[in-house]
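> Curious how this folds, go ahead:
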Amino acid sequence: MCWQRSRTCSWHAAGCYAVRDWGNSVSAEGEICLRKAGLCLHKDEIRPIQSQKRYELFISSKLQLWGLFRASLPRGSLSAEVKAILRAVSHKLALLIAKNPRALDELEWRDIERTIAEVFDGLGFLTTLTPPSKDGGKDVVLECTVKGQRAEYLVEIKHWRAGNRVGGGALRSFLNVIAKESRQGGLFLSTYGYCDNAFEQLSTIDREKLRFGTEEKVVALCRTYEKALSGLWSPPKNLAEVLYEGTT
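Okay, here's the model as predicted:
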């Protein structure tokens with residue numbers, strides 16, 4: 001059985017590769033081939049985790065992320081190589097932010113969006129980064145399993161280097177997107193905080209549907225990502241807890 005990197009597998013922790021298999025079980029015979037990652041792992045390097053349809057593949061040798069990304073690319077695919085480079089950079093930025101939060105001051109808004117997408121992917125979410133323009137009012141789409149059911153969440157990120165804070169209008173617009181797309185909830189991240197009256201128009205139901213984070217939440221996510229890559233953190237049964245932990 002073979003898996004492809006695209007939307008089917010992601011990093012789970014340092015020294016291992018996590019594979020999401022939503023429709024099939026792992027063959028008990030022979031080797032497991034990760035064709036696009038250029039790796040062949042024996043069945044003894046596999047163990048089920050969390051559910052019958054998620055497996056962790058242990059890579060015995062220490063692999064560099066860039067080497068893995070390069071090996072996963074179709075030959076002659078310039079677009080895929082550019083994406084792989086950007087993802088490798090996002091990985092490095094996440095670790096830098098975890099070490100020194102002031103790195104945020106040097107980054108543009110798109111850098112932050114890519115980094116947050118990489119972080120959530122590394123924490124176990126199925127992650128989609130939206131285009132830089134005409135994104136439909138959200139920056140990242142997250143999918144995970146909650147109580148045995150697929151759940152989808154939206155993330156909106158505001159990183160204005162001028163130091164502007166987010167007002168109530170932006171929050172209301174994002175709530176409308178969540179409702180229109182019938183998502184389970186959303187997370188609004190503003191690295192420079194919110195206006196004093198930004199939350200005045202929000203009802204209790206609104207506050208349950210949409211949670212808010214600042215620079216501290218971004219840094220906390222990056223530090224959890226770093227721990228996951230070091231094997232010091234494992235995802236909770238309800239992955240949505242990671243999304244809302246430390247928010248208001």
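
> so what's residue 210 up against?
With contacts defined as CB atoms under 8 Å, 6 or more residues apart in numbering, the neighbours of residue 210 are 171, 174, 175, 178, 185, 186, 187, 188, 202. Any C-beta I mention is one placed from the backbone N, CA and C, and that applies to glycine too.

> hang on, residue 157 in a strand?
Yes: checked against DSSP: H, G, I helix; E, B strand; the rest coil, residue 157 lies within a strand.

> That one - how many residues pack around it?
21 (other CB atoms under 10 Å).

> so which strand or helix has residue 179?
Under DSSP states H and E, the secondary-structure element containing residue 179 is helix 168-180.

> Output the contacting helices and strands for that helix.
For helix 168-180, the elements it packs on are strand 149-158, strand 185-190, helix 204-209, strand 210-213, judged by 3 or more CB pairs under 8 Å, 6 or more residues apart in numbering; DSSP states H and E.

> Let's have the ones you listed in CSV, adding distance to residue 143.
Putting those into CSV (distance: least, CB to CB, whole Å) gives the following:
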stretch, distance to residue 143
strand 149-158, 5
strand 185-190, 12
helix 204-209, 17
strand 210-213, 17
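
> Out of the ones you listed, which gets the lowest mean score?
Averaged per stretch, pLDDT over the helices and strands packed on helix 168-180 is lowest on helix 204-209, reaching a mean of 91.

> which among the contacts of residue 210 end up buried?
Burial by neighbour count, judged by 16 or more other CB atoms under 10 Å, picks out 171, 174, 175, 178, 185, 186, 187, 188, 202 from the contacts of residue 210.

> Show me the two of the contacts of residue 210 that sit farthest apart.
The span of these, defined through CB to CB, is set by 187 and 202 at 14.5 Å.

> Would you mind stating the distance between residue 122 and residue 173?
Separation of residue 122 from residue 173 (CB to CB, to the nearest Å): 29 Å.

> Could you point out the longest helix of the chain?
Of all segments of type helix in the chain, defined using DSSP state H, the longest is helix 78-99.

> rewinding a little: now, of the helices and strands packed on helix 168-180, which is deepest in the fold?
For those, the largest average neighbour count (mean count of other CB atoms under 10 Å) is found in strand 185-190, namely a mean of 23.

> for that strand, packing partners?
In terms of contacts (3+ CB pairs under 8 Å, 6+ apart), strand 185-190 is packed against strand 149-158, helix 168-180, helix 204-209, strand 210-213, helix 240-244.

> closest to residue 136 out of those?
Of all those, helix 168-180 sits nearest to residue 136, with 6.7 Å by CB to CB.

> and the angle from that closest one to strand 185-190?
Following axes from the mean of the first three to the mean of the last three CA atoms, to 10 degrees, one obtains 160 degrees for the angle between helix 168-180 and strand 185-190.

> Now tell me what touches helix 168-180 from outside.
For helix 168-180, the external contacting residues (CB under 8 Å, 6+ apart) are 136-138, 154, 156, 158, 185-186, 188, 194-195, 197-202, 206, 209-210, 212.

> low pLDDT regions in the chain?
Per-residue confidence of the chain (counting by pLDDT under 70) places the weak regions at 1-76.

> ok, 50 please
1-66 (pLDDT under 50).
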